[in-house]
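Engineer: no sequence on this one, just coordinates:
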């Protein structure tokens, strides 16, 4: 009887140890792959829902718009009043009764614009002998004009059209392109206005070399 109790006691100890061993073993890994695969399944949008029917929009930048004015020979020259390099102002109407050569140039003190302006200055005495006035117009302010005129000894009026309003009236504020990019700028253009205030001649796409001489010749033929 005593031996039977001892055997039962030993069996109880062995069964308890086996249960502890099983409890200490790690639980088998769950099938996370299946769960992830199912959760990654795309969600379909029912037809007719806002996200399905809303149009796709793409942001676009504003495209420069070229001037629509096209002055022709015989058209009245648009009125203009602008500030000179000395801070005073001049109106085209005040020059009526004499020929006026107006050359629009892109920028003060750049190579092409400097040569063009210096050529008009060189021929200024001959323009004056015909009673003709010479006006140069570009976008920079009167301080820039004063510096430009002082540096090269330009004695005729240089007018500041900072907001390019006059250039638009004369059709010379146009779309340009450089390195594939479009922008608005001054097209090098010259007008000869007759004593009656009408356009006598217009030069587009001006090439600087010999241009002042060509304008003088046109003035002398009036």
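Structural biologist: Structure received. In this text, all values refer to a predicted model and were calculated from it rather than measured experimentally.

Engineer: where does the residue lying closest to residue 214 once chain neighbours are set aside land on pLDDT?
Structural biologist: Distances taken as C-beta to C-beta, 6 or more residues apart in numbering put residue 203 closest to residue 214, at 7.4 Å, once the chain neighbours are dropped. In this view, the C-beta of every residue, glycine as well, is placed from N, C-alpha and C. Looking at residue 203, its pLDDT reads 97.

Engineer: Pairing partners for residue 203 in the sheet, please.
Structural biologist: residue 190 (DSSP bridges).

Engineer: Name the residues that touch stretch 198-205?
Structural biologist: 71-77, 99, 187-194, 211, 214-215, 218, 222 (C-beta atoms under 8 Å, 6 or more residues apart in numbering).

Engineer: Same check on stretch 136-145?
Structural biologist: Counting by C-beta under 8 Å, 6+ apart, 82-87, 102-109, 113, 117, 120, 154, 156-162, 164, 166-167, 186 sit against stretch 136-145.

Engineer: circling back to that earlier point, from the contacts of stretch 198-205, which ones fall inside strands?
Structural biologist: 189, 190, 191, 192, 193 (DSSP state E).

Engineer: May I see these organised as a markdown table, with pLDDT, distance to residue 174 and neighbour count added?
Structural biologist: Formatted as a markdown table, the ones in strands among the contacts of stretch 198-205 follow (pLDDT from 0 to 100; distance: C-beta to C-beta, whole Å; neighbours: other C-beta atoms under 10 Å):
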| residue | pLDDT | distance to residue 174 | neighbour count |
| --- | --- | --- | --- |
| 189 | 97 | 9 | 21 |
| 190 | 98 | 15 | 23 |
| 191 | 98 | 15 | 24 |
| 192 | 98 | 20 | 22 |
| 193 | 97 | 20 | 23 |
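
Engineer: In the residues you listed, find the pair that's most separated.
Structural biologist: 189 and 193 (12.9 Å; C-beta to C-beta).
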